[in-house]
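**Q** Give me a 3D structure for the following:
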Amino acid sequence: MRDRYPLKWRSVDCLGPGTIGFMDEADIIAALPEDIESLQAALRCKDAEVVKREATIAQRDIKIKQLQAQLNILLSRRYGASSEKVSEAQLGLFNEAESALEQAKDDEPSEPHTVVKAYQRGAPKRQPLPSELERVNIEHPLPEHQRLCPTHGVELERFGQEESEQLDIVPATVRVLHHIRGKYRCPCCTGLIRTAPMPPQPIPKSLASPGLLAHIAVGKFVDALPLYRQHRQITRLGVTLSPITFASWMVRAGALVQPLINLLRETMLAQSYVMMDETTVQVLDEAGKAASSKSYLWAQRTGGDHPIILFDYDPSRSAEVPLRLLDGFSGALHTDGYRGYDRPAEAFSLTRLYCFAHARRKFVEVLKAAGINPNKIPAKPPPEVRQALKAIGFIKTLYLIERRIKNEPPDERYRQRQKDAIPILDKLRIWLDAKLKYILPSSDTGKALAYLHNHWDGLIRYCDDGRYHIDTNAVENAFRPFCVGRRNWLFCKSVAGAKSSANLYSLIETARANGLDPYGYLRKVFTELPKAQSVEDIEALLPINIDPVALQITS
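**A** Below you'll find the predicted structure:
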């Protein structure tokens, strides 16, 4: 017995006073009380201690599982693919909703159709180069020693030609706009002298022409080229300028377009539907804040055929910012689940919509927390992963409907959503209510279910109007150029620079969303805006009012 159980733990509280530590079996027997009641009390005390230790171990296991899940998510964000797509092969096993939708389509009467001969795809053909590009003809004559016929000795005659094209790029060239202002005087007197006026310039008494300002702005805000890199490019072309000058030009250019931003904001607030989101930005020289602290860039986007995208800088992420930006708006506000939007929604009686992409992301993170690659789902996933896949399957079906009707007019999108999306949402609601009853709320799946439940009314509201989107991806995508640029230039030097960047991003992204060339548009704005004399002149320069033909550069 002593060899089998050499040591036992002695509990001072249960066995009475003594030395704390390990004891052999004889000592334990000697320390036991002699009466039955005391022995039973000691056993109860020991059982309570065991239960307490088991509870502590269970809590540690839960904590370890949570930390492992967080580690898996961080590793996925750091090294995994950013896509939230889930393996189609495995997802089909958990997607009864999609199967029901496909079955309903199969049951619908089909239109008369004609059988055509199968098409066999050939080798891809090279697309012709744009006809508007400048052509440089290069003649290739036959060498002199090959122009004689080897049989008859006579000179060959040219009877045709073969043509081919190559695309050539000439590095950017810099030219100087040499302004010559005529001076006039009266031939009869010497007191009257007049000089031809200089056209209004975007930055008076500056070396920067509208074209140069547009080039620098597009380089930074579209192509994500920091100003110091653009400075190196221009230096290689033989022009010596200070990089600080480039930054000053962009700040002044951003201030110049403020009237356009004001009109765009007035137009946006008059719309009936706005999406909104925010992201971080670092500003070094900001009063009352450390250089390493976070500030925010807020984005708003309208729907429709002529969308407006506006960015606004603010050092805070508090609810005061959307209160300020939405003052005067009275339509539908589409956002993620951030609670900072609750106050303006309540203050202005806004219709609240939530983003289905964020709801789906919660379930995708369940897979990542379990260490499962969404594109490589095992044949027998754990139960919590199966439930997440089920939810993802429902949401995927909703997105398939949206993909099918995305080019339809709003009234047709509304009809199709009522016909196809509402039944899927009803099934998702029934499934959600059933799972909420027995899935642990503190688990990753439970948290995803709670998010879906808590935001349900706003999530399904996109079906109420064909103009609404199912998610806020459109406004999130507007952040992409900024986020790519942020990786290169890292921070803004000053508050003025951050506000200027917000203004220029707004014009450029609105122009792009309306099918305009960013460089051509900014060149026109920097040329014509200094000449504007009325509100009508400024309105004519808004991206939603510009004809792309007017942006063609003639000289």
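
**Q** all strands for this protein, in order.
**A** Taking DSSP state E, the strands of the chain run over residues 8-9, 22-23, 183-185, 193-195, 273-281, 283-285, 295-302, 309-314, 332-335, 351-354, 492-494.

**Q** Can you pull out the low-pLDDT segments for the stretch 51-200 of the chain?
**A** Within the stretch 51-200 of the chain, the segments meeting pLDDT under 70 span 72-73, 75-123.

**Q** Then the chain?
**A** In the chain, residues with pLDDT under 70: 1-33, 72-73, 75-123, 374-375, 378, 490, 552-555.

**Q** So Ala369 sits against Asp444, correct?
**A** Yes: using C-beta atoms under 8 Å, Ala369 is in contact with Asp444, at 4.9 Å. Where C-beta positions appear, they are placed from N, C-alpha and C, glycine not excepted.

**Q** Give the residues shared as contacts by those two.
**A** Common contact partners of Ala369 and Asp444 (C-beta atoms under 8 Å, 6 or more residues apart in numbering): Ala69.

**Q** What's the local residue count around Asn262?
**A** The local packing of Asn262 (other C-beta atoms under 10 Å) involves 11 other residues.

**Q** With the one 10 residues further on instead?
**A** Using other C-beta under 10 Å, Ser272 has 15 other residues around it.

**Q** Look up phi and psi at it.
**A** phi -100, psi 0 (degrees, to the nearest 10).

**Q** Name the nearest residue to it, sequence neighbours excluded.
**A** Gly331 (3.9 Å; C-beta to C-beta, 6 or more residues apart in numbering).

**Q** Over to Thr510?
**A** Pro543 is the one closest to Thr510 (C-beta to C-beta, 6+ apart), at 4.4 Å.

**Q** Please apply the same query to Thr267.
**A** That would be Ile308: by C-beta to C-beta, 6+ apart, it lies 6.1 Å from Thr267.

**Q** And for Ile546?
**A** The nearest residue in space to Ile546 (C-beta to C-beta, 6+ apart) is Leu516, at 5.9 Å.

**Q** Can you give me the distance of that neighbour to Cys492?
**A** 26 Å (C-beta to C-beta, to the nearest Å).

**Q** Verify the contact between the residue nearest to Thr510 and Leu507 for me.
**A** Yes: using C-beta under 8 Å, Pro543 is in contact with Leu507, at 6.7 Å.

**Q** Touching both of the two, which residues are there?
**A** With C-beta under 8 Å, 6+ apart as the test, Pro543 and Leu507 both reach Tyr521.

**Q** So between these two, which is more surrounded?
**A** With neighbours defined as other C-beta under 10 Å, Pro543 and Leu507 compare such that Leu507 has more, 28 against 25.

**Q** Contact partners for that one?
**A** Val257, Leu260, Ile261, Tyr521, Leu522, Val525, Pro543.

**Q** separation between the fourth one and Arg265?
**A** Using C-beta to C-beta, one gets 18 Å for the distance from Tyr521 to Arg265.

**Q** again with the last one
**A** In this structure, Pro543 and Arg265 are separated by 13 Å, where distance is defined by C-beta to C-beta.

**Q** buried ones in stretch 260-276?
**A** Residues of stretch 260-276 classed as buried: 260-261, 263-265, 267-269, 271, 273-276 (neighbour count, 16 or more other C-beta atoms under 10 Å).

**Q** Would you map the helices across the stretch 251-400 of the chain?
**A** 258-269, 320-325, 342-347, 356-369, 383-405 (DSSP state H, counting those that start in this stretch).

**Q** and this protein, what are its domains?
**A** 8-66, 264-480 (automatic domain parsing).

**Q** among those domains, which is nearest Glu132?
**A** domain 264-480 (25.8 Å; C-beta to C-beta).

**Q** Count the residues that sit near Pro441.
**A** 10.

**Q** So it is in contact with Ala450, correct?
**A** Yes: contact criterion C-beta under 8 Å: Pro441 and Ala450 qualify, at 6.2 Å.

**Q** which residues do those two both contact?
**A** If you check Pro441 and Ala450 against C-beta under 8 Å, 6+ apart, no residue is contacted by both.

**Q** rewinding a little: any idea which of the helices of the stretch 251-400 of the chain is most buried?
**A** helix 356-369 (a mean of 22; mean count of other C-beta atoms under 10 Å).

**Q** Run through who's touching that helix.
**A** Under C-beta under 8 Å, 6+ apart, the answer for helix 356-369 is 69-70, 72-73, 76, 80, 84, 86, 336-337, 373-374, 377, 384-385, 387-389, 391-392, 395, 398-399, 444-445, 447-448, 451-452, 455, 459, 462, 470-473.

**Q** Which members of these are classed as buried?
**A** Judged by 16+ other C-beta under 10 Å, buried ones among these: 69, 72-73, 76, 86, 336-337, 374, 377, 384-385, 387-389, 391-392, 395, 398, 444-445, 447-448, 451-452, 455, 459, 462, 470-472.

**Q** Skipping adjacent residues, who's closest to Arg252 in space?
**A** Distances taken as C-beta to C-beta, 6+ apart put Ile203 closest to Arg252, at 5.3 Å, once the chain neighbours are dropped.

**Q** before we move on, what about Val154?
**A** Leu148 (7.1 Å).
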